[in-house]
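J.: sharing a model prediction with you, sequence too.
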Protein chains: 2
Amino acid sequence: MDTQTLSLVFAPKTVALVGASAKPGSVGNNLMKNLVGSGFIGTIYPINPTSQLIEGIQSVASLSAIGKPVDLAIIAVNAGIVLPVVEEAGKCGVKGLIIISAGFKEAGAEGKQREEDLQALCEQYGMTIIGPNCLGIINPEIGLNASFAPITPKVGSIAFISQSGALGTAVIDFARDLDIGFSKFVSVGNKAVIDEIALLSYFATDEKTKVILMYVEDIHDAAGFVKVARQVTHGPYAKPIIFLKAGRTQAGATASVSHTGALGGNDAYYDAVALQSGAIRVETIQELFSNALMFAHNSTPQGNHVAVITNAGGPGVLMTDMAVVSGLTMASLSETTVATLKEHLPMCANCMNPIDVLGDAKSDRYEVAFNVIAKDEHVDSLLILLTPQAGTEIVETAQKIIALKKSIDKPIGVSFVGGPLVAPGMALLRKENVAVFNYPEDASRALATLTKFSIAKVQDIDESTRTFADIDQKAATELLMKYGQEKKELVPEKHAHEILKAYGFPTLLSATVARRQDLVPLLQHMGIPVAMKIVSPDITHKSDVGGIALNVTVENVESTYDAIMERVSQHAPHAKLEGVLLVEMAPVGGIEMILGVNKQPGFGTMVMVGLGGILVEAFKDVAFGVVPLGHDDVEVMVKRLNVYKILQGVRGQPAMDIDALVACIQRLSRLVIDHPEITELDINPFVLLPQGHGGKVLDARIAVERTS
Amino acid sequence: MDTQTLSLVFAPKTVALVGASAKPGSVGNNLMKNLVGSGFIGTIYPINPTSQLIEGIQSVASLSAIGKPVDLAIIAVNAGIVLPVVEEAGKCGVKGLIIISAGFKEAGAEGKQREEDLQALCEQYGMTIIGPNCLGIINPEIGLNASFAPITPKVGSIAFISQSGALGTAVIDFARDLDIGFSKFVSVGNKAVIDEIALLSYFATDEKTKVILMYVEDIHDAAGFVKVARQVTHGPYAKPIIFLKAGRTQAGATASVSHTGALGGNDAYYDAVALQSGAIRVETIQELFSNALMFAHNSTPQGNHVAVITNAGGPGVLMTDMAVVSGLTMASLSETTVATLKEHLPMCANCMNPIDVLGDAKSDRYEVAFNVIAKDEHVDSLLILLTPQAGTEIVETAQKIIALKKSIDKPIGVSFVGGPLVAPGMALLRKENVAVFNYPEDASRALATLTKFSIAKVQDIDESTRTFADIDQKAATELLMKYGQEKKELVPEKHAHEILKAYGFPTLLSATVARRQDLVPLLQHMGIPVAMKIVSPDITHKSDVGGIALNVTVENVESTYDAIMERVSQHAPHAKLEGVLLVEMAPVGGIEMILGVNKQPGFGTMVMVGLGGILVEAFKDVAFGVVPLGHDDVEVMVKRLNVYKILQGVRGQPAMDIDALVACIQRLSRLVIDHPEITELDINPFVLLPQGHGGKVLDARIAVERTS
């Protein structure tokens, strides 16, 4: 990404609109009206082959006819002539482009070619392009509405990146109701050149942006997103990224494909991306706004202890419920606080948290509670609730809240519960940048999210990937080379185990024996009980022909061999017998886990860990991570599992060897980085044993495919 | 409950207000203003010892001074004089009362006594009482606002029962924004006489009520609630009950107690009550409204196949996502539908479901889609989405939706996504009783809830409880009589097993043997391998002294006995040895389940089933049911478990004996009905074996307490 040319796009001094039109209702006219009518202080050139006055400005025939440097060219012409215009822009030295026109990747093979040619031109001339197939961008601060959205938002601290133009417009319209403003708005369209990752980098250092909102239909590069988003959401200059992903279900994903040509990814993968990157994933448009409001209007809290102040018991309980369910802790008020509240509030008032100032509270009683709570160091954040009761001073209480907000550095979430009665109070609070909500639960949830962010942002993350000295990469490469050369192919089980063994996974010891006289020496060497399995190219179901025996030891190995041979000769008289396979007996006393890999072209490679065995289907207790997995990523994945509690040891059960599990996930990440031809991998079960005993790979499955 | 006197409360011809006041701002004045100023056509008597004009009506000195029959008396006097007033009312023949006054159960011991005296008076005079400590009631249809809520809602089809007066007011105020009306509003206060169960019965047959909303802090009688609510929510005249329960968390529940004296119950129990009763539990005030809107404005669908019509891809996907996540199925449109849509919509439009009429759609294009979809028999319900784009006809499209709604009997959920731009369309839709939402996800969720209700309401429920001929109630009674006479007491394990055995539970066979020579004959009789445990009053930890042996058979029983005796004599030389206990070996190859009972005074008795063993803590895969449990209740409990999938048999694992599990739950329900002194019971693990093999109680714990 190129932050400098993105500055040309967002803060140009000179803008040309190719395809400007005087025809009312046309895109070229809507764009021109927005450019001219939103208070932009730079120079605007409408470009149109026919010389005319467009929205009061004399048009120019072409970009090259301007004869002066142009920072930003907006292109809204038929798809068929976009490329020549872009080339002309390149020749004129225009570096910033917004391509509104549709007819690219989303429009079949011809459009796809056109988009590739566009990318080539962009590369050739060193240009930065937003779009194509987009609504445009808005920078309210300089009065630049370079979009055909029918409204311009007010100035604020929220940057909004939208992969849907329609949703972008709706969001700007919603924002007017909520009285919230934007630092920048971008409709990314097909993301031919500038994608969300480039924009995140740009907004990370954009001083006007405090909060980044995203509407996403797909992410092309999950690892790249995680890397950049993690930088944005952590550290002293951390900014929250709040993202809404469409296509959560198969039905939704199908619609997404049919609409923008975007590949609908697996929902769980996006959850993993969010967790790993520190971005906040929300499920609804409403949550996008709730969080935008909460983050934009508050600094982050020092901890997760909240105080609730209410004038109604029931709604106060609803607010408290949701706060706790969402992860906040009710602050234990200091003795001084409780005593002071008792002194100043009526006898029936509840002076413990949640603090109930009672239904007849006027604004002065709220103020008393505010002043006392503001001083309590046990309180990191406040939730304030008002219901309209007889005598409630709605506007005056709003004023007290505004005064409180100015006097303290703790975040405040407010709910004025009701409709027309509370509307004047809400309008006032919104105007004064207080995060106010109609529904108490929304205030609680958003404050909880803000609090989680504030705690996460200061955590140091160990991103380094672990290296292992014992890995025999060459051995694995040699085995893998045999498969997937032409099409996707399953590696035979034996080789799958050997590949894992080369990467240091604890596989079961095994050996094939062709001659009876080798049995005893081999088993003496192995030193463990084994399972014995017939080896024959003609026998598929070994147990059907009596070709398997368990718990074979040095003592009974020869007699067992004889018995197997006899049974098999009886049941499969014509089969060619090549000997027997001796395999270490599966360990007992462990917990069956599952490890896996899934490579998603155009997204990234995901590693999975979870509870294996028969419970996997009932509980779906699995966690995903995006490769490469750093030290902390793997820790977090394992801790996310419900079964983690059991792995730690519960009710007299021993703790399991979590370190061994973590190491295997790290080895898996390493394996798929070294061998990108691995597209799928399953280890199920991976038996995790008690602490100090490691684990064992029982079954493994590897699929390989080499793509250009 | 007495439906007839409740009619006097909700539809009186004559109303007296005891405590009417001319003093502005007082409760007595607010009440009087509401009575007089809401268009009530009956007679109003303000009662005040001082003769005066109150809101234009001459006051009367007392109820008895009226000298004419009074249907409803509203009492808003100091708590100390409420009882005399109630007695006077009783003597005057007033049957309907609303007691606004506080100072009862919620106000300490004195208030509690006052409430009990009130209940006695009510009983004595055969009165119906709403409250005390309540906001009052409203019946908009007859212009009766017998509350001190500062606003009167419009007439509609929603009955709202609120355990919080403040929330009641807020809800009425919200409703104005949403343009929804009420059939009745009741603030139940302390529920001294009339509780939510009585009100449900009343609203079940109230012709003006289509939807029942409830805000609940506690339910006194879970079984009674389930019984009545189930009648309301099932059958040809089914009405939905949508309820919001405060006190979901411990923090919330604590606040609830401090506020209204209500006991905050366990959240999972309320979930169980909802599931068993058919009531719809929501988690937020907003969901209460979303559902109210959806249910009030639509008939129920015939099935769960929905069609989505949108003018924007991304938001359409969000709507589709939430529809599917919430349980709806995307309808497969008929071939005719798709063909007709293709014929009439532009080429780029998506004619599969979700149907995208594209961003430049005017109202006529929506209309085309409506007309085609309305005829498709594969579609049970519709979701319609509009985003404000250049050229979108907002009001005209709203008009087309209104016309569509009038022409079809399928439910329709609408979302106009945006703020001021879409407001005129939304207002029009609301006025015409279309369920319209700002956020597409809300429309999807509410339609899904409506659909679930429509499917559930037609299901026949087998409520009968199972009887078992093999139960020896007398034996259990005799054992239970020994415990819990004075205080809560744990039944010794041996007796706990015997009680369960008496109720037909499959317990492990066991026998105590004092003499060596009895071992062989007994074991021959038992015919199974056993565990042998030393019996001694002096030995607590049997395994520490070598007092336990496993897998004992006829062959080795005497030698094992000798070995145990020798080991114990060595390790505990002074212990008195009384013999050995032979216990059937625990079976292998089963799944460990948990069964339990928890009696909650002032709520009901809950039975639990779930995944047992060490996983219970990690997965909390348990389901509760309210006793008495009917046949279908038990089935539903078992099917709710995640582990149910595994019990059915997965991946080559055998199916487990689900019938045996169900029978044990039914036996448990019977046990605690027969023996209400059982307050807690745990069977963990209950090993459920493969089909045909039943299960086994391994450990059991029973606590007993007799209360008056």
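T.: Noted; the coordinates are in hand.
J.: what about A:Phe485, how many neighbours?
T.: To be clear, residue A:485 is Gln; Phe isn't right here. 11 (other CB atoms under 10 Å in any protein chain shown). No exception for glycine: its C-beta is placed from N, CA and C like everyone else's.
J.: that one - nearest residue in space that isn't next to it in sequence?
T.: Using CB to CB, 6 or more residues apart in numbering or on different chains and skipping residues adjacent in sequence, the residue nearest A:Gln485 is A:Arg706, 6.2 Å away.
J.: isn't the one you found right up against A:His675?
T.: No: applying CB atoms under 8 Å, one finds A:Arg706 not in contact with A:His675, separated by 10.2 Å.
J.: rewinding a little: what's the pLDDT at the residue nearest to A:Gln485?
T.: A:Arg706 is assigned 84 on the pLDDT scale.
J.: next, count neighbours for it.
T.: With other CB under 10 Å as criterion, A:Arg706 counts 16.
J.: run a quick neighbour tally on A:Pro346.
T.: Neighbours of A:Pro346 using other CB under 10 Å come to 11.
J.: mind listing what the closest residue to it other than its chain neighbours touches?
T.: Nearest non-adjacent residue to A:Pro346, counting by CB to CB, 6+ apart: A:Leu358, 6.1 Å away. The neighbourhood of A:Leu358, defined by CB atoms under 8 Å, 6 or more residues apart in numbering or on different chains, consists of A:311, A:345-346, A:348-349, A:365.
J.: can I get those in a markdown table with distance to B:Met637 and pLDDT?
T.: Output for the contacts of A:Leu358, formatted as a markdown table (distance: CB to CB, whole Å; pLDDT from 0 to 100):
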| residue | distance to B:Met637 | pLDDT |
| --- | --- | --- |
| A:Asn311 | 41 | 96 |
| A:Leu345 | 46 | 94 |
| A:Pro346 | 46 | 94 |
| A:Cys348 | 42 | 86 |
| A:Ala349 | 43 | 90 |
| A:Arg365 | 48 | 97 |
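J.: type out the PyMOL command that picks the buried ones from those residues.
T.: Selection of buried members from the contacts of A:Leu358 for PyMOL, criterion 16 or more other CB atoms under 10 Å in any protein chain shown:
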select buried, chain A and resi 311+345+349+365
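J.: which one of the contacts of A:Leu358 sits closest to chain B?
T.: A:Asn311 (7.1 Å; CB to the nearest CB).
J.: wait, that closest one sits on A:Ile355?
T.: No: contact criterion CB under 8 Å: A:Asn311 and A:Ile355 do not qualify, at 9.9 Å.
J.: which residue ranges make up each domain of chain A?
T.: For chain A, the structural domains run A:3-294, A:299-456, A:509-584, A:591-704, going by automatic domain parsing.
J.: closest one to B:Gly25 among those domains?
T.: Proximity to B:Gly25 (CB to CB) singles out domain A:299-456 among those, at 6.6 Å.
J.: any buried residues in stretch A:82-94, and which?
T.: Of the residues in stretch A:82-94, A:82, A:85-86, A:88-90, A:92, A:94 count as buried by neighbour count, 16+ other CB under 10 Å.
J.: which pair in those spans the largest distance?
T.: By the measure CB to CB, A:Val82 and A:Cys92 form the most distant pair in the buried residues of stretch A:82-94, at 15.4 Å.
J.: still on that earlier bit, so which of the buried residues of stretch A:82-94 comes closest to B:Leu318?
T.: Taking CB to CB as the measure, B:Leu318 lies nearest A:Val82 of the buried residues of stretch A:82-94, at 29.8 Å.
J.: which non-adjacent residue is nearest that closest one?
T.: In space, A:Val82 is closest to A:Ser101, 5.1 Å off (CB to CB, 6+ apart).
J.: who in the stretch 351-500 of chain A is up against chain B?
T.: Within the stretch 351-500 of chain A, the positions near chain B by CB under 8 Å from any CB of the partner chain are A:352, A:354, A:356, A:359, A:387-391, A:417-422, A:438-442.
J.: cutoff 10 Å now
T.: Residues of the stretch 351-500 of chain A found near chain B (CB under 10 Å from any CB of the partner chain) are A:351-356, A:358-360, A:385-392, A:415-423, A:437-442, A:444-445.
J.: among the residues you listed, name the ones in helices.
T.: Using DSSP state H, the subset of those located in helices is A:423, A:440-442, A:444-445.
J.: circling back: hey, what's in contact with both of A:Arg706 and A:His675?
T.: A:480-481 (CB atoms under 10 Å, 6 or more residues apart in numbering or on different chains).
J.: got the buried residues for stretch A:465-478?
T.: Quick answer for stretch A:465-478 (16+ other CB under 10 Å): A:465-466, A:471, A:476.
J.: okay, and which of these map to helices?
T.: Under the assignment DSSP H, the buried residues of stretch A:465-478 contribute A:Ala476 to helices.
J.: export the buried residues of stretch A:465-478 to CSV and tack on pLDDT?
T.: Output for the buried residues of stretch A:465-478, formatted as CSV (pLDDT from 0 to 100):
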residue, pLDDT
A:Thr465, 88
A:Arg466, 89
A:Ile471, 95
A:Ala476, 96
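J.: between the buried residues of stretch A:465-478, which is closest to B:Ile158?
T.: Ranked by distance to B:Ile158 (CB to CB), the buried residues of stretch A:465-478 are led by A:Thr465 at 58.4 Å.
J.: the closest one and A:Val638: what is the separation?
T.: 16 Å (CB to CB, to the nearest Å).
J.: now A:Phe148
T.: Remark: distance between A:Phe148 and A:Val638 (CB to CB) = 49 Å.
J.: ditto for A:Ser157
T.: Where A:Val638 is concerned, A:Ser157 sits at a distance of 37 Å (CB to CB).
J.: picking up where we left off before, quick one, phi psi at the residue nearest to A:Gln485?
T.: phi -100, psi 120 (degrees, to the nearest 10).
J.: would you check how far apart the spatially closest residue to A:Met294 that is not a sequence neighbour and A:Lys452 are?
T.: Distances taken as CB to CB, 6+ apart put A:Ala446 closest to A:Met294, at 3.6 Å, once the chain neighbours are dropped. Distance, A:Ala446 to A:Lys452, using CB to CB: 11 Å.
J.: which SSE is immediately downstream of the helix or strand of chain A with the lowest mean pLDDT?
T.: Scoring the helices and strands of chain A by mean pLDDT, DSSP states H and E places helix A:250-260 at the bottom, with a mean of 45. Sequence order places helix A:267-277 as the next helix or strand after helix A:250-260, per DSSP states H and E.
J.: how about the residues of the stretch 51-200 of chain A near chain B?
T.: Applying CB under 10 Å from any CB, we find that the stretch 51-200 of chain A lies next to chain B at A:102, A:106-107, A:135, A:148-151, A:162-179.
J.: of these, which belong to strands?
T.: A:Ser162 (DSSP state E).
J.: give me the buried subset of the residues of the stretch 51-200 of chain A next to chain B.
T.: Neighbour-count burial (16+ other CB under 10 Å) applied to these gives A:102, A:106-107, A:135, A:148-151, A:162-176, A:178-179.
J.: could you count how many residues lie near A:Pro529?
T.: Applying other CB under 10 Å, we find 16 residues neighbouring A:Pro529.
J.: done for today, thanks.
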